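Novice: Sequence first, then the predicted structure:
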Amino acid sequence: MVIIESTPEFVSNVYRKMESNLEVVRRTLGRPMGLADKVLLSHLDDPNTTDLTPGESYINLRPDRVLLQDVLGQTGMLQFMQTKMDRIAVATTIHCDHLIQAREDGVSDLRESLAENSEVYDFLRSAAAKFGAGFWGPGAGIIHQVALENYAFPGELMIGTDSHTPNAGGLGACSVGVGGADAVEVMAGLPWEVLYPKHIAIFLTGEISGWTAPKDVILFVAGHLTVSGATNAIVEYIGPGARTISATGKATITNMGAELGATTSMFPYDERMGRYLRATGRGDLVPLAERYIHLLAPDEEVEADPGKYYDFSTLAGWSLTWSVLIPRTGRGRYPRWRRRWPTRQTSSSTRSPRPLSGAARTLRTRT
């Protein structure tokens, strides 16, 4: 029987398999590994896979969890029935949130949705019970937030039929939004085929203070990468500054990574994530994460010299030493804002003596 909850037993089994697979993968790669590679490649269907060219190779992975919302969940469960399987092969949950329309207020909107979509909800509830999936009824919460608070954990590979699935990257999960067909294949026990993503790193220093917020980080990155600059790539936020952001702040950043076209975004495990796990009643997962932290963060060599290990170089020649947002006194009730954007460096005499060759750049918030 498939375990639905992220229990210590569930998580421990994931970590043991990750560790075993990475021993094989490291022999193939022969180099230090970043966070995304550790999580993705430790979930390979065949850890002996040798065709690992970012942006070119397709890889087969074994996700730990599938999330379905109540729109694609309908066709997903109908397709799963065609497999003639008695039970799901991978932990799966169905979340009834998309069909609730914002019209007046929460109470009346929920009441109207229950009246309009009762047949759908009844079908999803009964299908979940029959095939062993978890079920979150209408009003139980938004799918990506329910996942963050209940199911996500550092190092997990999660796919979901919702564009906000990367929200769980704030808790160190590799959490990717997919289509219904991909989800059903995994539910039926087949591997998930995906283009092996490229690697982008954002190296953070300093800490958020004053009027700045985690959203300012992703807005700044989006301003440079634009809506497609991270397509077919996983964005990793690393460096000492990353460890100063709360888990929910990290989730805000990874949630908005979809606006860059990114496959997903992730943060390494740190004490802030441990604090969040305890606050959400999952403190028993913290000792496991700390024991296996070597799986949940980039190798030391990678963080020490990120430009050597990440692919993306569009930002080469830019200096990103800046204050994210600097408030200034303005007229009226609300403050006006002044952005201090980096300036293009054209003269070699003004460049940093050792610019990073990859995508890793330093973002400093006002301290």
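Specialist: Alright, I've got the coordinates. This structure is a prediction, so every number in the text was calculated from the model and none was measured.
Novice: Check what contacts stretch 10-25 and list those residues.
Specialist: 3, 33, 38-39, 41-44, 47-48, 64, 91, 153, 155-156, 285, 288, 291-292, 295 (C-beta atoms under 8 Å, 6 or more residues apart in numbering). For every residue, glycine as well, the C-beta is placed using N, CA and C.
Novice: Those in helices, which ones?
Specialist: 38-39, 41, 288, 291 (DSSP state H).
Novice: Return a ChimeraX selection command for the buried portion of those.
Specialist: To isolate the buried ones among these in ChimeraX, judged by 16 or more other C-beta atoms under 10 Å, type:
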select :38,39,41,288
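Novice: Can you lay out the ones in helices among the contacts of stretch 10-25 as TSV showing pLDDT and distance to Asn255?
Specialist: Formatted as TSV, those follow (pLDDT from 0 to 100; distance: C-beta to C-beta, whole Å):
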residue	pLDDT	distance to Asn255
Lys38	98	22
Val39	98	18
Leu41	98	24
Leu288	98	25
Arg291	98	28
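Novice: Show me which of the ones in helices among the contacts of stretch 10-25 is closest to Gly180.
Specialist: Val39 (23.5 Å; C-beta to C-beta).
Novice: For the nearest residue to that closest one once chain neighbours are set aside, list each beta-bridge partner.
Specialist: Using C-beta to C-beta, 6 or more residues apart in numbering and skipping the chain neighbours, the partner closest in space to Val39 is Cys174 (4.3 Å). Per DSSP bridges, the residues bridged to Cys174 are Leu157.
Novice: my guess is Cys174 contacts Met158, does it?
Specialist: Yes: here Cys174 reaches Met158: they are 7.2 Å apart, a contact under C-beta atoms under 8 Å.
Novice: In terms of neighbours, single out the busier of these two.
Specialist: Higher neighbour count among Cys174 and Met158: Cys174, with 29 against 25, using other C-beta atoms under 10 Å.
Novice: Leu288 versus that one, what's the distance?
Specialist: 17 Å (C-beta to C-beta, to the nearest Å).
Novice: ok, and for the longest helix along the chain, which residues are buried?
Specialist: Secondary structure assigned by DSSP H gives helix 8-29 as the longest helix of the chain. Within helix 8-29, the residues that qualify as buried are 10-11, 14-15, 18, 21-22, 25-26, counting by 16+ other C-beta under 10 Å.
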